[in-house]
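K.L.:
Can you look at this prediction? I've put the sequence above it.
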Amino acid sequence: MIRGIGIDIIDTKRFGTVKNQKKFLRQLYTSNEIREIQHLNKKDQQCSVYFAIKETILKAFKIGLHFGSYWHNIDIGKNFKITLSGYFKKILKKNTKIHVSHTYSDHYVIGFVLVQE
């Protein structure tokens, strides 16, 4: 059964100036994600991809950051494997699967998430 779907589009220009600001990066991304971003040439694009996916997860679960969830409760690992903690972990059912997809151009990133129980 599908629990939720989330989709988001991001203009990568929004991340062009903040990709090197450590305080901003630490606010949104986990240490694993920051480490991955720092090793890439197109940092603004990767920041946008991670942000879009995190937004789509919030939308798919039909919650926002005000429900006790935080950006750091969503960790995007290698091959876009999602690990959830905190409030998300409390509301997850045992066999929940999170399917993630994204695409990008020079200027935009689109993230898509389907949560299946």
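P.N.:
Cool, the structure landed.
K.L.:
going forward, measure contacts and count neighbours with C-alpha atoms only.
P.N.:
OK.
K.L.:
Do you have the helices of this protein handy? List them.
P.N.:
22-28, 31-38, 43-60, 87-91 (DSSP state H).
K.L.:
Report the contact partners of I110.
P.N.:
Contact analysis of I110 by C-alpha atoms under 8 Å, 6 or more residues apart in numbering lists 7-10, 49, 52, 102-104.
K.L.:
what's the farthest-apart pair in the residues you listed?
P.N.:
Greatest spatial distance in those: I7 and Y104, 13.2 Å, computed using C-alpha to C-alpha.
K.L.:
What ranges in the chain fall below the confidence cut-off?
P.N.:
Applying pLDDT under 70 to the chain flags residues 18-20.
K.L.:
Let's see that with 90 instead.
P.N.:
12-27, 34-47, 62-70, 78-79, 87-94, 106, 117 (pLDDT under 90).
K.L.:
Spatially central residue for this structure, please.
P.N.:
What sits nearest the mean C-alpha location of the chain, by C-alpha atoms, centre = their mean, is K54, with 2.4 Å.
K.L.:
circling back: among the helices of the chain, which comes closest to V115?
P.N.:
Going by C-alpha to C-alpha, the one of these nearest V115 is helix 43-60, 6.5 Å.
K.L.:
tilt between that closest one and helix 31-38?
P.N.:
140 degrees (axes from the mean of the first three to the mean of the last three C-alpha atoms, to 10 degrees).
K.L.:
Can you name every helix or strand that helix 43-60 contacts?
P.N.:
strand 2-11, helix 31-38, strand 97-104, strand 108-116 (3 or more C-alpha pairs under 8 Å, 6 or more residues apart in numbering; DSSP states H and E).
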